[in-house]
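> A predicted structure for the sequence below; I have some questions about it.
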Amino acid sequence: AQSVTQLGSHVSVSEGALVLLRCNYSSSVPPYLFWYVQYPNQGLQLLLKYTSAATLVKGINGFEAEFKKSETSFHLTKPSAHMSDAAEYFCAVSGKSGGGADGLTFGKGTHLIIQP
Amino acid sequence: GAVVSQHPSWVICKSGTSVKIECRSLDFQATTMFWYRQFPKQSLMLMATSNEGSKATYEQGVEKDKFLINHASLTLSTLTVTSAHPEDSSFYICSARDVQRRGNEQFFGPGTRLTVL
């Protein structure tokens, strides 16, 4: 079975500051890991994904995440926050058979607030 | 490309009635679609996996007779909430896989907010 824990339901940073959103996972199979962003009244948009290749994954909008197997973590970072980054962020792990072919298991989400 | 739409975007219905929600892949063929529900301030929970031309696979605890899923074509899956009750009020989100062009990546629809009175 898979599970995802996102630490912090709300994270507030100043514009221009480092963004760090935490995600820890558990998986009985080699995981595929994802970060999605959800803006109000919109669908989920994929930021980046880890698929067992490079452990440091670069995504859209300047975000990146590092897969650390020893820590079972996949934290999302961005060096400099922008006002447009304010949104809900979800970490997810692939389903039962791994490989990303199954439905996803999501964390509870982290609401990112950007202070001017 | 890879756009997924849902209709309606919101619906209000009376308790005991049935509601159908459509999920369409607009510019690709989706052999597999997924249905999730999201309660306020909570995560998305996978309800079922819908494969074109075959029966849906439901997650544990999801009543298949209450949440009817039909995936009759490569671009359309429908979720029908039968005999809806207030506890079924939620945000329902579908996703679709574009296996031919984008491997296992899922593309999400904008969601349908269901309110049962």
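Great, that's in hand.
> mind telling me what element the nearest residue in space to B:P40 that is not next to it in sequence is part of?
Leaving out its chain neighbours, the residue that sits closest to B:P40 by C-beta to C-beta, 6 or more residues apart in numbering or on different chains is B:F91, at 7.9 Å. Every residue, glycine included, has its C-beta placed from N, CA and C. If you go by DSSP states H and E, B:F91 is part of strand B:90-97.
> hmm, A:A65 is touching A:V57, no?
Yes - when contacts are counted by C-beta atoms under 8 Å, A:A65 is listed as touching A:V57 (5.2 Å).
> neighbour count: the two, which is higher?
Per other C-beta atoms under 10 Å in any protein chain shown, whichever of A:A65 and A:V57 has more neighbours is A:A65, with 26 against 21.
> okay, and the more buried one sits in which element?
strand A:64-68.
> flag every buried residue along stretch A:1-13.
Across stretch A:1-13, burial judged by 16 or more other C-beta atoms under 10 Å in any protein chain shown covers A:Q2, A:V4, A:Q6, A:V11, A:V13.
> go on, stretch B:94-110?
Neighbour-count burial for stretch B:94-110 flags B:C94, B:S95, B:A96, B:R97, B:D98, B:N104, B:E105, B:Q106, B:F107, B:F108, B:G109, B:P110 (criterion: 16+ other C-beta under 10 Å).
> just the pLDDT for the residue lying closest to B:Q42 once chain neighbours are set aside.
Take B:Q42 and drop its neighbours on the chain: the residue closest to it by C-beta to C-beta, 6+ apart is A:K108, 6.3 Å away. At A:K108, the model reports a pLDDT of 92.
> repeat for A:E71
A:E71 is given a pLDDT of 93.
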